[in-house]
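> Here's a sequence, model it:
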Amino acid sequence: MRVIVVGGGVVGTMHAWQAVQRGHEVVQIEREAEARGASLRNFGQIWVSGRAGGAELRTALRARQLWEEIGAQVPDLGFRAIGSLTPVRNDREYAVAEAATRRPDAADRGHKLITAAEAREINPALRGAFEAALWCERDAAVEPRTAQLALRAALNASGRYTFLPGREVREVTGPGAVRDDHGDVHQGDAVILATGAWLTGLVRELVPDLPVRRVRLQMMQTEPLGEPLTTSVADADSFRYYPAYRSAALDALNAEQLQTEIAAAHKMQLLMVQRLDGGLTIGDTHEYEHPFAFDTLEDPYEHLTQVVESFLGRPLPKIRHRWAGVYAQCTDTTRVVHRQQVRDGVWLVTGPGGRGMTCSPAIAETTANELGW
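Next up is the predicted model:
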């Protein structure tokens, strides 16, 4: 079988990985010289802890298993089974964390409520003031800026993989066939359009009423911390944005403990992961209304800096990168991804939202199984 994958991000690359692992030939087409979208502009978190129950959690757990397996084959992914900690500072936040540990699926997530002293044993860099922490053993991390490069290097070694950068696919020319802007037609047994947040052009022509929206966020990265941050770290505002934490305790938190004005205005939470070079990736904000702003704003960065410094009990290292990114999210947020056959032999796979990096291996595996690869 010959599979044409359109899109060089993590969802597209994982579809290429699945096809090659199953013995098929793959041509992967990317309109940029390298992928530059959400697959690079993220935390690199394999984030099981906040996922909704049911199909979403099953997908995340399967993806977590696949990431570990692929990481063993491709060490340059930088896979680390580091887990995550969410420090809590008062009774309201504690109650939300405690409610999460009482969910029927808490053991699947590795959720456990631990003392501040226990949290510091796991992550000694957390020297700031907090009362307890929600520990999630199943969370992990990879290196988002280099993951696709590492995966492609492994795919190239198979002898059944071709990467074609700098080509934009313009047209579906027939069953399992597309034409790019160089005039070349790529014929396969299946075409996977994994175009991420690129929802115009060909995608709009194929699916005018696509139930997917775009979301913009801001993030930053520091100079090396100078010591290990042994887990990823979130703050209690993350409880407000992830379905795993819905409970009467969360309702009380939302009613009685408002976010700061800046955090509320930008729909913020803290997520933080240390990169292999020692720097910290920190975010994030959420913007849903179009048109998106073209500039990045300083107030959210200042808010995140204050939160991080309060957990670390020390000044944040110098910021060396700031950026904005856009990802695609299903308007029905209970769906893990939008997967649709749009023409004979052509499937569109997009809209995983903030779950793309976490769930991409399992999303691609499901596509491969459904298409009978």
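> can I assume residue 196 is in contact with residue 349?
No - counting by C-beta atoms under 8 Å, residue 196 does not reach residue 349; the two are 9.9 Å apart. For the C-beta atoms, the positions are set from N, CA and C on the backbone; glycine is no exception.
> Give me the common contacts of these two.
By the contact definition C-beta atoms under 8 Å, 6 or more residues apart in numbering, residue 196 and residue 349 are jointly contacted by residue 11.
> Report how many residues lie close to the residue nearest to residue 76 when sequence neighbours are not counted.
Computed as C-beta to C-beta, 6 or more residues apart in numbering, the closest residue to residue 76 that is not its neighbour in sequence is residue 150, at 3.8 Å. Residue 150: 19 surrounding residues under other C-beta atoms under 10 Å.
> Could I get the full set of strands for the stretch 1-150 of the chain?
Secondary structure of the stretch 1-150 of the chain (DSSP state E, counting those that start in this stretch): strands at 2-6, 25-30, 45-46, 84-88, 111-115, 132-136, 140-141.
> Adding distance to residue 100 and mean pLDDT as columns, could you present the ones you listed in TSV?
TSV is the format used below for the strands of the stretch 1-150 of the chain (distance: least, C-beta to C-beta, whole Å; pLDDT from 0 to 100):
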stretch	distance to residue 100	mean pLDDT
strand 2-6	37	98
strand 25-30	39	98
strand 45-46	17	95
strand 84-88	9	98
strand 111-115	6	98
strand 132-136	6	98
strand 140-141	19	98
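> Please produce JSON lines containing those, extended by mean neighbour count and distance to residue 214.
As requested, the strands of the stretch 1-150 of the chain are exported to JSON lines (neighbours: other C-beta atoms under 10 Å; distance: least, C-beta to C-beta, whole Å):
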{"stretch": "strand 2-6", "mean neighbour count": "25", "distance to residue 214": "18"}
{"stretch": "strand 25-30", "mean neighbour count": "22", "distance to residue 214": "19"}
{"stretch": "strand 45-46", "mean neighbour count": "26", "distance to residue 214": "21"}
{"stretch": "strand 84-88", "mean neighbour count": "28", "distance to residue 214": "27"}
{"stretch": "strand 111-115", "mean neighbour count": "17", "distance to residue 214": "31"}
{"stretch": "strand 132-136", "mean neighbour count": "25", "distance to residue 214": "28"}
{"stretch": "strand 140-141", "mean neighbour count": "26", "distance to residue 214": "25"}
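> between these, which one is nearest to residue 174?
strand 2-6 (12.0 Å; C-beta to C-beta).
> Just give me how far the closest one sits from the chain centre.
If you compare the mean C-alpha spot of strand 2-6 with that of the full chain, they lie 23 Å apart, counting by C-alpha atoms, centre = their mean, to the nearest Å.
> Note down every partner strand of that strand and its orientation.
strand 25-30 (parallel), strand 190-193 (parallel) (DSSP bridges).
> which residues sit against it?
12-13, 15-16, 19, 24-29, 169, 176-178, 186-195, 373.
> Check stretch 56-71 too.
For stretch 56-71, contacts defined as C-beta under 8 Å, 6+ apart pick out 17, 46-48, 51, 77-79, 81, 105, 108-109, 138, 140, 142, 151, 243-244, 334, 336, 355, 358-363, 365-366.
> ranges for the helices of the stretch 101-250 of the chain?
Listed in chain order, the helices of the stretch 101-250 of the chain (DSSP state H, counting those that start in this stretch) span 106-109, 116-122, 144-156, 202-206, 248-256.
> So the residue nearest to residue 76 sits against residue 77, correct?
Yes - taking contacts as C-beta under 8 Å, residue 150 lies within contact range of residue 77: 5.1 Å.
> what touches both of those two?
residue 143.
> Could you check the angle the top helix by length along the chain makes with helix 144-156?
As assigned by DSSP state H, the longest helix anywhere in the chain is helix 55-73. Inter-element angle recorded for helix 55-73 and helix 144-156: 70 degrees (by axes from the mean of the first three to the mean of the last three C-alpha atoms, to 10 degrees).
> List the buried residues in helix 55-73.
Buried residues in helix 55-73, counting neighbours by 16 or more other C-beta atoms under 10 Å, are found at 56-57, 59-64, 66-68, 70-71.
> what pLDDT does the nearest residue in space to residue 257 that is not next to it in sequence get?
Sequence neighbours aside, residue 92 is the residue nearest to residue 257 in space, at 5.1 Å (criterion: C-beta to C-beta, 6+ apart). What the model reports as pLDDT for residue 92 is 98.
> Go ahead and confirm residue 92 touches residue 252.
Yes - contact between residue 92 and residue 252 holds when scored by C-beta under 8 Å: they sit 6.3 Å apart.
> Pull stretch 268-282 out as CSV, backbone CA atoms only.
Output of stretch 268-282 as CSV, limited to C-alpha atoms (Å, rounded to 0.1, in the frame of the first residue of the first chain):
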residue,chain,number,x,y,z
MET,A,268,-5.1,31.4,31.5
GLN,A,269,-3.5,28.4,33.3
LEU,A,270,0.0,27.6,34.2
LEU,A,271,1.7,24.6,32.5
MET,A,272,5.4,24.2,32.7
VAL,A,273,7.9,21.6,31.5
GLN,A,274,11.7,21.6,31.5
ARG,A,275,13.4,21.0,28.2
LEU,A,276,16.4,18.8,27.8
ASP,A,277,18.7,21.9,27.7
GLY,A,278,17.4,22.9,31.1
GLY,A,279,15.1,25.8,29.9
LEU,A,280,11.5,26.0,31.0
THR,A,281,8.6,26.1,28.6
ILE,A,282,5.8,28.0,30.2
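> buried stuff in it?
268-275, 279-282.
> Quick one: the residues you listed as a markdown table, columns for secondary structure too.
Formatted as a markdown table, those follow (DSSP: H, G, I helix; E, B strand; the rest coil):
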| residue | secondary structure |
| --- | --- |
| 268 | coil |
| 269 | coil |
| 270 | coil |
| 271 | strand |
| 272 | strand |
| 273 | strand |
| 274 | strand |
| 275 | coil |
| 279 | coil |
| 280 | strand |
| 281 | strand |
| 282 | strand |
